[in-house]
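In: Here is a sequence together with a model predicted from it:
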Amino acid sequence: MIKWLQEKFALSRQGAKDLVKGCIACVFQNLSLMFPVGMLYLLIKDLLFGGRTYGWGFYLAGCILCILLLLLTTWFQYNATYFATYVESGIRRVSLAEKLRKIPLSFFGKKDLADLTSTIMADCTFLEQSFSHFIPELIGSVISTVLISIGLFAFDWRMALAALWVLPVSFAIVGFSAKVQEKLNERQMDAKMACADGIQECLETVRDLKACNAEDSYLEGLDRKIKAVEKRAVISEFGTAVFVVSASLILKLGIATVALAGSVLLMKGSLDILTFFVFLLVVSRLYDPLQSALQNLAAVISTRTNIGRMNEILKYPVQTGENCLTNRGYDIVFEHVGFSYNQKETVLKDVSFTAKQGQVTALVGPSGGGKTTVSRLAARFWDIQSGRITVGGMDIAGIDPETLMSLYSIVFQDVTLFDNTIMENIRIGRKDASDQEVLAAASLAGCAEFVEKLPEKWNSRIGENGCELSGGERQRISIARAFLKDAPIILLDEATASLDVENETQIQTALSRLIEKKTVLIIAHRMRTVAGADKIVVLSDGRSVEQGTPEELMERNGIYTKMVKNQRKSSLL
């Protein structure tokens, strides 16, 4: 059962156990509410029949016992639901973050930041309420009602039928609404995600919107998305209310049928007044928690969308492999590699080449030819569909991605920085590095030139994603990270694209010192950046169409020659 609860509600093992405890606690709390009814039954029986079966001391002690019992069960229920839920919510968020760290990057191509953020924050918050209120109280109400119903049938089966016939009808109405509610919730979630994407996009592109005088038109579209969220919320609430209110009305008919059936039996003399009174008293207490249970059932049904979104992450296949590196050297070899992001779009077709240790291998070619994809595959950001990629003879498909990443220093075209000091941003490359090692790496990357001009120098905070720095300065910090990590394989994806000619020359000089005895894979569009490469691989339409030294490729008068000539012409304009 624990495993089923884990899969059904996206829980940890401890969370599933706590959910069971919470349901048991709700059962005991609901049953404890019947103890005052029992005490009242005994008191009225004594008063009606003039007996003194129990003294006043008994009833006083019974009242005190009922109060203590209610306090104890309420305390137990509170601890077993609310406190445990908050702990599980933290565990769930951490587990989602850990899973996101392990799944392949192909998953993120299908999801945007707003969607993932909503899953980790909003969906988990919604489930906090579900596991503290809805699910335990629903299951607790159902179990306690079944136990009470058995007692009612033992007391008088005719009155029990009059009281309980409404239960299956009411729950069936809400239960049969599951598909309608799921569809409404999915549409509401789609509207929320579209709105969140629009808000995020607006914040990220506000500079471009202002530059193009497109603010008003964009905000009009965003306003429509916000109104769509409001509309879907109203429709979802109304759709749920139709079923819940209808079921609640049916539930209230139980009181009427108990009164009607009891009156008929009382007039026939087949039911005594005390039993009639007890059933009226019991059903008045029985239907209140069941009315809440109907609302809880509707809420539990609505959580399926949120749980499905979390399970999409938790059940996504992860990249696995050995934690032990068996490579001999650091040559990167692509052997007939084929890759596609989805079944309809083939990105690489039968790509083969070798990037040798101690040499610089440059990937060039027209945009969309597959250069960036090749560099990502070399570090196992994705898994290939055909062929083989090896590092030092070791098939990277069998190595754990985090273990494999220890061999790589990577500088992306799009730099990601943190709202921290320059020193700590560079130290991301190797967290245990000393200040002297960080400064040495920064010097190699040419960071000192602009850092020394800042008020707090190396302890200057650079804002969100380095917004206080220029593009070239941000890129140099990213390059400094790679220098600090000092891994045997270096991947440079347009690493000098944001630098001017003078700074690019400085970085190239630093790179020449760094790459000794290392494997270097460079992606570049500037032909002068790769002019000194030991080997050039030209990629076009997902195929490696040319390979060789710059001189050899110039003699062939192919794609590489055409790219060099076109850039020379553009530089003269």
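Out: Alright, I've got the coordinates.

In: Show me where the stretch 251-400 of the chain has its helices.
Out: Along the stretch 251-400 of the chain, the stretches classed as helices by DSSP state H, counting those that start in this stretch are 273-314, 371-378.

In: need the contact list for the closest residue to Glu468 other than its chain neighbours.
Out: If you skip the residues right next to it in sequence, Glu468 has Ile462 as its closest partner in space, 4.7 Å away by CB to CB, 6 or more residues apart in numbering. Heads up, the C-betas are built off the backbone N, CA and C, glycines and all. By CB atoms under 8 Å, 6 or more residues apart in numbering, Ile462 lies in contact with Leu417, Asp419, Asn420, Thr421, Ile422, Asn425, Glu468, Leu469.

In: show me the contacts for the residue nearest to Pro104 when sequence neighbours are not counted.
Out: Once flanking residues are discounted, Pro104 sits nearest to Gln319: 5.2 Å by CB to CB, 6+ apart. Residues near Gln319 by CB under 8 Å, 6+ apart: Lys102, Ile103, Pro104, Arg380, Asp383, Asp400, Pro401.

In: Try it again at 7 Å.
Out: Lys102, Pro104, Arg380, Asp383, Pro401 (CB atoms under 7 Å, 6 or more residues apart in numbering).

In: and if you look at Asp331?
Out: Thr354, Ala355, Lys356, Gln357, Gly392, Thr519.

In: Quickly name whichever of those residues is closest to Met1.
Out: Closest approach to Met1 among those (CB to CB): Gly392, at 48.7 Å.

In: Poorly predicted segments of the stretch 51-200 of the chain, please.
Out: Residue ranges of the stretch 51-200 of the chain with pLDDT under 70: 51-55, 106, 109-114.

In: what about Tyr341, neighbour count?
Out: If you count neighbours by other CB atoms under 10 Å, Tyr341 ends up with 13.

In: still on that earlier bit, lowest pLDDT pick from the contacts of Ile462?
Out: Within the contacts of Ile462, pLDDT reaches its minimum at Glu468, with 70.

In: now that residue: how far from Met405?
Out: Applying CB to CB, to the nearest Å, the value for Glu468 to Met405 is 29 Å.

In: same check, this time on Gly262
Out: Counting by CB to CB, the separation of Gly262 from Met405 is 75 Å.

In: okay, the two: which has more neighbours?
Out: Gly262 (22 against 17).

In: Mind pulling up the pLDDT for the more buried one?
Out: Gly262 is assigned 84 on the pLDDT scale.

In: and the spatially closest residue to it that is not a sequence neighbour, how many neighbours?
Out: Leaving aside its sequence neighbours, Gly262 sits nearest to Phe276 (CB to CB, 6+ apart; 4.3 Å). Residues contacting Phe276 under the criterion other CB under 10 Å number 19.

In: And for Glu437?
Out: 17.

In: Same question for the one 3 residues further on.
Out: Under the neighbour criterion other CB under 10 Å, Ala440 is assigned a count of 14.

In: and it, how far is that from Ile479?
Out: Applying CB to CB to Ala440 and Ile479 gives a distance of 13 Å.

In: And Arg376, by the same measure?
Out: Distance, Arg376 to Ile479, by CB to CB: 19 Å.

In: Equivalent analysis for Leu167, please.
Out: From Leu167 to Ile479 the distance is 69 Å (CB to CB).

In: Equivalent analysis for Ser32, please.
Out: When Ser32 is compared with Ile479 (using CB to CB), they lie 68 Å apart.

In: Over to Ala178?
Out: From Ala178 over to Ile479 (counting by CB to CB), the distance is 55 Å.

In: I'd say the residue nearest to Gly262 and Met267 touch.
Out: No. Using CB atoms under 7 Å, Phe276 makes no contact with Met267, being 10.8 Å away.

In: Count the neighbours of Tyr560 for me.
Out: 25.

In: Ignore what I typed, I meant Thr275.
Out: 16.

In: do the same with Asn323
Out: Using other CB under 10 Å, Asn323 has 9 other residues around it.

In: and the helix or strand hosting Thr403, C-alpha only, in CSV?
Out: Using DSSP states H and E, Thr403 sits in helix 401-405. Extracted in CSV, the C-alpha atoms of helix 401-405 (Å, rounded to 0.1, in the frame of the first residue of the first chain):
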residue,chain,number,x,y,z
PRO,A,401,27.0,12.3,-16.3
GLU,A,402,28.3,14.0,-13.2
THR,A,403,31.4,11.8,-13.1
LEU,A,404,32.0,12.4,-16.8
MET,A,405,31.7,16.2,-16.3
